[in-house]
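Chemist: with the sequence up front, the predicted model follows.
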Amino acid sequence: MSSAAWHARIVCGNEVGAGFLVSPRRVVTCAHVVRWSGRSAVTVAFPNSRELSALPAAVAVHGGWSGGAADPGDLAVLELDREVPLAPAEFAPPGAELGDPAPTLVAYGFPRGYDEGMLARYQAVPGPLVSDEWRQLEAVTAHGQPLAAGFSGAAVTLADGRVVGMVSTVASERDIRVARMLPTQVMARYHPELGERVPTPDHHPDAVRRLYTLVRRAVAEGLGCDANRLYVDAVGPFGPPLPGPGFTSLGAAAGYVQWEVPGAEAVTRFAERLQELLDPPSPKPAAATAATRTATAAGATAAATAAVSSWSPILVEIDHSGAGADQVTVEVSAYREGQRRRVGSERLARGAVREYVQRHIDDAFAQLAPGAEELITFALPREWLNEPVARWECGAADSTPLGCAYPLVVVDRSRLRSGQLRHRLAKKWHKLDDRSRTQLHRVDCGSPERAPSLRKRLRDADADLAGYSFPPNAARSHFEAGLNTPVPVLLWPRTGCVDAQHEGPCSGAAFLDALSASVADVPPTELPRRVRELRETADADDDPERHWATDVQLLWDDPRCFPEPAASLHSPVA
């Protein structure tokens, strides 16, 4: 059997092209060779292995080619209807097609009248890839076989038979002997599994095999993980940023790490993080955890740190810009391992804030560690704490309210900037970490309690949660008592009584009754999750507007989630 038995002839309708075997059941070719596969059958033959008859095949992978001669992604992977007993093609390292002198390259194609195939000799033109996609080829002589129709999809090889690329386009003019090929690293961009077969000088073959073995396992097991987060985690804070809109698949992210990120560390980290998600460590027994938390003060501190580290905040800061009443400054950041990563900052008209935030929250998710527990936090000026941010939609294509999709809280920007209040809040949270219940301190409508009396009551009780029956603008001084005491958690109905001084029962009292029953058994650290559940329950109710939790607003403020002191926002526009 010929050592070049892996060369394939492909027929799809009236189209004839070439291809090459990359696994016992898969053949790579150009997408345009099989563009009529939806209407015509695809057959694959191996002219150098005559004992094999032509086999039916189907398109298993498409590179995204749109149909134009200059469109990228002109690659397809065909799945044969059965395995073939042939050794697949071997690949050379990227760039092996270049040199001084330039090596002679060989392509095996099937021009008209030559069903058994013909060979064409070409050389690669040095320099950059054309449009970051193609390597230009020029004929070695003016008298040999030109690259013509029937060569599309042919493997371009070195003299020893190792593949360096695939013929994708040929010159239509008869006397011009130039063509283009997709180099192997570009082919792997559209079919990342090729990365396992192409030698990469920076990476040990075992590391690459492990990477793609884990990727295949994750896909087979339906692992729900964010490829963008895995990439960001693998390259670290100083690695290349997430490209464009991110990755559409886990394989694409793995391929990018292999080909585009310098050094070997990122491939190893990507594989390790994926391994951790596939085989998470067994949790410690609850009894052992409890013992650790009570054994020593150091143990209690470790437990508190663990409780906080379960949250990975996405921080949306909105503030006055100083450029007019309608202008605000918006900044979106993600916190990862205690480090703040800014993903967007801009001065906007208030009416443009929601769409900007939706877009950049999506970007911020890519900066979180794999498996991180996201907490969307809006830092707002005091007079905007009642903004309906939890009701904002997730995005243009997803109408789910943000507060139903994720734990979402607000914090007061004045507290976020105050070192004094941050210190007092941090001390209070160290006490709250070991509490398994939350005590609700009610602030009802119609109470004769003055704001200074409320402040003293909250301070004397060392209050961790204050529930208001009315929104902030109904009695702002009473809200400021809770903010300045400071109470770490405040809850209120965003809509309701406009005058907190009225007498008699109201919806606010019913709100506090239901709230008290809903949060009494919840540790303070878990309140963002419970409130998200309450919002989702209200949204799913047959009459959501009448559900008591429809407009619940949660101010939840643990300064340990934001270890970097918040600087005053400034307009990015001079």
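Modeler: Sure, I can see it.
Chemist: could you use CA atoms for every contact and neighbour count after this?
Modeler: OK.
Chemist: residue boundaries of the helices in the stretch 401-550 of the chain?
Modeler: Here the stretch 401-550 of the chain has its helices, by DSSP state H, counting those that start in this stretch, at 402-405, 413-417, 419-432, 451-460, 476-484, 507-519, 527-540.
Chemist: nope, the stretch 151-300 of the chain is what I was after
Modeler: 184-190, 205-220, 227-235, 250-260, 265-278, 286-295, 297-309.
Chemist: closest one to A364 among these?
Modeler: helix 227-235 (9.5 Å; Cα to Cα).
Chemist: what angle separates that closest one from helix 250-260?
Modeler: 30 degrees (axes from the mean of the first three to the mean of the last three Cα atoms, to 10 degrees).
Chemist: picking that back up, which one of the helices of the stretch 401-550 of the chain lies closest to L315?
Modeler: Comparing these by Cα to Cα, helix 413-417 comes nearest, at 11.5 Å.
Chemist: what packs against the closest one?
Modeler: Where contact means 3 or more Cα pairs under 8 Å, 6 or more residues apart in numbering; DSSP states H and E, helix 413-417 is packed against strand 373-380, helix 419-432.
Chemist: give me whichever of the helices of the stretch 401-550 of the chain is most buried.
Modeler: Ranked by average neighbour count under the criterion mean count of other Cα atoms under 10 Å, those are headed by helix 402-405 at a mean of 22.
Chemist: helix, strand, or coil at the residue nearest to R180 when sequence neighbours are not counted?
Modeler: What sits nearest to R180 in space, not counting adjacent residues and going by Cα to Cα, 6 or more residues apart in numbering, is Q136, at 4.6 Å. Under DSSP: H, G, I helix; E, B strand; the rest coil, the three-state class of Q136 is strand.
Chemist: I'd say Q136 and L182 touch.
Modeler: No: assessed by Cα atoms under 8 Å, Q136 is found out of contact with L182, at 9.1 Å.
Chemist: more crowded one of the two?
Modeler: L182 (28 against 23; other Cα atoms under 10 Å).
Chemist: now do that one, the pLDDT please.
Modeler: pLDDT for L182: 96.
Chemist: OK, contacts around it?
Modeler: E133, W134, R135, G165, M166, V167, S168 (Cα atoms under 8 Å, 6 or more residues apart in numbering).
Chemist: can I get the residues you listed in CSV including pLDDT, neighbour count and distance to V61?
Modeler: Shown next, in CSV, are the contacts of L182 (pLDDT from 0 to 100; neighbours: other Cα atoms under 10 Å; distance: Cα to Cα, whole Å):
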residue, pLDDT, neighbour count, distance to V61
E133, 94, 21, 18
W134, 94, 22, 20
R135, 95, 24, 22
G165, 96, 30, 18
M166, 97, 30, 16
V167, 96, 29, 18
S168, 93, 26, 16
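Chemist: any chance of a markdown table for those, columns distance to A70?
Modeler: A markdown table is the format used below for the contacts of L182 (distance: Cα to Cα, whole Å):
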| residue | distance to A70 |
| --- | --- |
| E133 | 10 |
| W134 | 10 |
| R135 | 13 |
| G165 | 17 |
| M166 | 16 |
| V167 | 14 |
| S168 | 10 |
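Chemist: so which of those residues is the closest to V208?
Modeler: Closest approach to V208 among the contacts of L182 (Cα to Cα): G165, at 19.9 Å.
Chemist: nearest residue to that closest one in space, please, no chain neighbours.
Modeler: Nearest residue to G165, sequence neighbours excluded (Cα to Cα, 6+ apart): P183, at 4.1 Å.
Chemist: verify the stated contact: that neighbour with R135.
Modeler: Yes: assessed by Cα under 8 Å, P183 is found in contact with R135 at 6.5 Å.
Chemist: related to what we said a few turns ago, now, which of the contacts of L182 sits nearest A390?
Modeler: Once Cα to Cα is applied, the member of those that ends up nearest A390 is E133, at 43.8 Å.
Chemist: state the mean pLDDT of stretch 544-555.
Modeler: Stretch 544-555 shows a mean pLDDT of 94.
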